[in-house]
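*Asks:* Got a predicted model here, sequence first, then my questions.
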Amino acid sequence: MLTTALTAVSFWLSFEALHDLASAHRLQGERAWAWPATVDTFIGVGELLILRASLMRRVDPWAIALTAAGSLGSIALNVAGVGVSHDPLDYVTAAVPPVAALLAFGVLMRQVHEFLLSRQSVLTAPPVPSGPPVTPVSETVTPEEPEAPEEPQEAAEAPEDEPELTEEPEPVTEPKKPRQELTQREQIDLVVRSLYDALGNQRPATRHMVAALRDAGLPCSDGTAREARKRVETAEPHLKSFPDAIAA
């Protein structure tokens with residue numbers, strides 16, 4: 001909310017200064033108010049394209065060029081509107097609004113980026129199992145002992161040859177299947193779940209979860225940590241009754 005307000009105020013101050021500059025150079029009425037958009041709009045368009053490129057995991061040189069051109073042009077024109085002044089603070093005051101607009105809008109786009117990534121991970125990730133996967137134990141079948149062959153009855157004229165005994169092969173048992181590796185989302189949930197025990201039956205704060213995920217080499221944004229805590233407490237509702245741990 002504060003980031004949005006700062007962005008709006010910064011752009012308004014920059015527009016106001018550019019409007020005064022346009023009014024002093026033969027532009028009046030609607031044209032004087034529309035002219036600043038030809039400069040400051042490049043900042044918004046460029047940063048939106050940068051957000052789009054980051055979601056697609058690539059770099060867009062055109063987006064960077066548009067953002068740089070809009071911000072540098074806005075700063076230069078705001079400073080030029082001061083004219084000749086012996087007080088350096090006049091130039092600083094004129095340059096602050098376009099710089100603040102660039103930074104505030106960048107922070108806002110960063111928050112939108114993290115929110116969209118957290119929503120995408122929730123929609124695409126598989127459901128979290130309530131316990132570790134159980135691998136079935138293969139049953140070993142013991143072979144029955146072969147019955148002793150009956151002795152051939154003596155023939156009246158000539159004895160028959162005794163049949164040769166062949167050993168039966170031992171049954172082959174299938175080896176146990178190895179434990180399946182956990183997905184990244186399951187690893188995140190296990191790290192967050194272990195914090196409830198490590199903190200002495202207390203609900204971990206966002207800072208605790210982010211630090212633990214960073215130490216485990218897993219994604220550690222604030223949104224990822226909160227979504228993992230929500231999934232863990234959905235699987236084990238009694239964890240919600242634990243007191244909140246103080247983030248140190």
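*Replies:* Looks like it came in fine.
*Asks:* What is the least confident helix or strand in the chain by mean pLDDT packed up against?
*Replies:* Here the helix or strand of the chain ranked lowest by mean pLDDT, DSSP states H and E is helix 88-124, holding a mean of 78. Here helix 88-124 touches helix 2-23, helix 37-55, helix 61-80, helix 222-235, going by 3 or more C-beta pairs under 8 Å, 6 or more residues apart in numbering; DSSP states H and E. C-beta coordinates here come from the backbone N, C-alpha and C atoms, glycine included.
*Asks:* can you give me the angle that helix makes with helix 2-23?
*Replies:* 140 degrees (axes from the mean of the first three to the mean of the last three C-alpha atoms, to 10 degrees).
*Asks:* out of the helices and strands packed on helix 88-124, nearest to Leu116?
*Replies:* In terms of C-beta to C-beta, the element of the helices and strands packed on helix 88-124 nearest to Leu116 is helix 37-55, at 6.4 Å.
*Asks:* for that closest one, packing partners?
*Replies:* On a contact count with 3+ C-beta pairs under 8 Å, 6+ apart, helix 37-55 meets helix 2-23, helix 61-80, helix 88-124.
*Asks:* want to throw the helices and strands packed on helix 88-124 into CSV with distance to Asp215, mean pLDDT and mean neighbour count?
*Replies:* Below are the helices and strands packed on helix 88-124 laid out as CSV (distance: least, C-beta to C-beta, whole Å; pLDDT from 0 to 100; neighbours: other C-beta atoms under 10 Å):
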stretch, distance to Asp215, mean pLDDT, mean neighbour count
helix 2-23, 29, 81, 17
helix 37-55, 25, 83, 18
helix 61-80, 33, 84, 18
helix 222-235, 13, 88, 19
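*Asks:* Including distance to Leu116, could these go into JSON lines?
*Replies:* Converted to JSON lines, those look like this (distance: least, C-beta to C-beta, whole Å):
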{"stretch": "helix 2-23", "distance to Leu116": "16"}
{"stretch": "helix 37-55", "distance to Leu116": "6"}
{"stretch": "helix 61-80", "distance to Leu116": "17"}
{"stretch": "helix 222-235", "distance to Leu116": "10"}
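*Asks:* quick one, which of the ones you listed is nearest to Leu103?
*Replies:* helix 2-23 (8.3 Å).
*Asks:* In PDB, please show the C-alpha coordinates belonging to that closest one.
*Replies:* Output of helix 2-23 as PDB, limited to C-alpha atoms (Å, rounded to 0.1, in the frame of the first residue of the first chain):
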ATOM      1  CA  LEU A   2       2.800   2.400   0.900                       C
ATOM      2  CA  THR A   3       4.700   1.500  -2.200                       C
ATOM      3  CA  THR A   4       1.700   2.200  -4.400                       C
ATOM      4  CA  ALA A   5       1.100   5.600  -2.700                       C
ATOM      5  CA  LEU A   6       4.800   6.500  -3.100                       C
ATOM      6  CA  THR A   7       4.700   5.600  -6.800                       C
ATOM      7  CA  ALA A   8       1.600   7.700  -7.400                       C
ATOM      8  CA  VAL A   9       3.000  10.800  -5.500                       C
ATOM      9  CA  SER A  10       6.400  10.600  -7.300                       C
ATOM     10  CA  PHE A  11       4.800  10.400 -10.800                       C
ATOM     11  CA  TRP A  12       2.400  13.200  -9.900                       C
ATOM     12  CA  LEU A  13       5.300  15.500  -8.800                       C
ATOM     13  CA  SER A  14       7.200  14.600 -12.000                       C
ATOM     14  CA  PHE A  15       4.200  15.300 -14.200                       C
ATOM     15  CA  GLU A  16       3.600  18.600 -12.400                       C
ATOM     16  CA  ALA A  17       7.200  19.800 -13.000                       C
ATOM     17  CA  LEU A  18       7.000  18.700 -16.700                       C
ATOM     18  CA  HIS A  19       3.700  20.400 -17.100                       C
ATOM     19  CA  ASP A  20       5.100  23.700 -15.900                       C
ATOM     20  CA  LEU A  21       8.000  23.200 -18.300                       C
ATOM     21  CA  ALA A  22       5.600  22.600 -21.200                       C
ATOM     22  CA  SER A  23       3.400  25.600 -20.200                       C
END
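*Asks:* Sweet, I'm off.
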